[in-house]
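Student: I would like to see how this sequence folds:
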Amino acid sequence: MSISSGESFEFRLLHELECAAEIPSLEDEVLHLHDQFRLRLLRYAVSMGLKAHDAEDVIQEVFLALFRHLQAERSRANLPGWIFRVTHNLALKKRSRYRIEDCIDESVPQRWTAELNPEEEIIFNERRLALRRTFNALPEIDRLCLQLRAEGLKYREIAEVLGVSLGGVANTLARSLARLRRSEGGRLCG
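Tutor: Residues are numbered from 1 along each chain as shown. Now for the predicted structure:
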């Protein structure tokens, strides 16, 4: 709707207010992104060796940084990649304060897709343990690539978060998935 020069000031002001009401506030946008990414970021930070309470602190810092980033009208291109990159950097900084071996925290909730009978649960737990051992034996960059891919990031976003080449991400994921498949006897789909 265009406003002609003959229309009243009040009408133009009302029109501007209506347009502004359609634009979500910066706080609403950050809260929406927080709701969308919080659990994914928490899992990622914990997978990097942080305790759950330290991972929560990192996530708070990430969204404060995001608010400041958007408030300063900086780039909105690839916000998910930006959020994971900042999480990665802050988690590394926080993790440097204590030993990784002491920090594996299983308190992050796991999702179960189906109820298992006792026999299936034993088989599932054995497979999970074997995969966990294989996963833990991978180099850190391989584990981080797998974790970010599991969180839904694209290869290019993973490359940006970890500061590696796109080809490096592809090679790392292929090599890591092949190793996980071998530990599963080829049963792992991919």
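
Student: count of residues packed around residue 52?
Tutor: 15 (other CB atoms under 10 Å). C-beta coordinates here come from the backbone N, C-alpha and C atoms, glycine included.

Student: pretty sure residue 84 sits against residue 149.
Tutor: No. Residue 84 lies out of contact with residue 149 (CB atoms under 8 Å); the separation is 11.3 Å.

Student: looking at the two, which is more packed in?
Tutor: Comparing residue 84 with residue 149 by other CB under 10 Å, the one with more neighbours is residue 84, at 25 against 18.

Student: that one - nearest residue in space that isn't next to it in sequence?
Tutor: The shortest distance from residue 84 to any non-neighbouring residue, by CB to CB, 6 or more residues apart in numbering, is to residue 161 (4.7 Å).

Student: give me the three-state assignment for that neighbour.
Tutor: At residue 161 the chain is in helix, as set by DSSP: H, G, I helix; E, B strand; the rest coil.

Student: do the same with residue 75
Tutor: Strictly by three-state DSSP, residue 75 counts as coil.

Student: for residue 177, see how far away it is.
Tutor: Distance of residue 75 to residue 177, computed by CB to CB, to the nearest Å: 32 Å.

Student: show me where pLDDT drops low in the protein?
Tutor: Within the chain, the segments meeting pLDDT under 70 span 1-24, 98-114, 116, 186-190.

Student: wait, residue 180 touches residue 133, no?
Tutor: No. The criterion here is CB under 8 Å, and residue 180 misses it with residue 133 at 10.6 Å.

Student: show me which of those two is the more surrounded one.
Tutor: Comparing residue 180 with residue 133 by neighbour count (other CB under 10 Å), the higher total belongs to residue 180, at 18 against 10.

Student: starting at the chain centroid, how far to whichever helix or strand that one is part of?
Tutor: Following DSSP states H and E, one finds residue 180 within helix 166-183. For helix 166-183, the separation from the chain centroid amounts to 20 Å (computed by CA atoms, centre = their mean, to the nearest Å).

Student: which parts of it are buried?
Tutor: Judged by neighbour count using 16 or more other CB atoms under 10 Å, the buried positions of helix 166-183 are 168-169, 172-173, 176-177, 179-180, 183.

Student: mind checking the longest helix of this protein?
Tutor: helix 26-47 (DSSP state H).

Student: who does that helix touch, helix- and strand-wise?
Tutor: Helix 26-47 sits against helix 52-71, helix 79-95, helix 140-150, with contacts defined as 3 or more CB pairs under 8 Å, 6 or more residues apart in numbering; DSSP states H and E.
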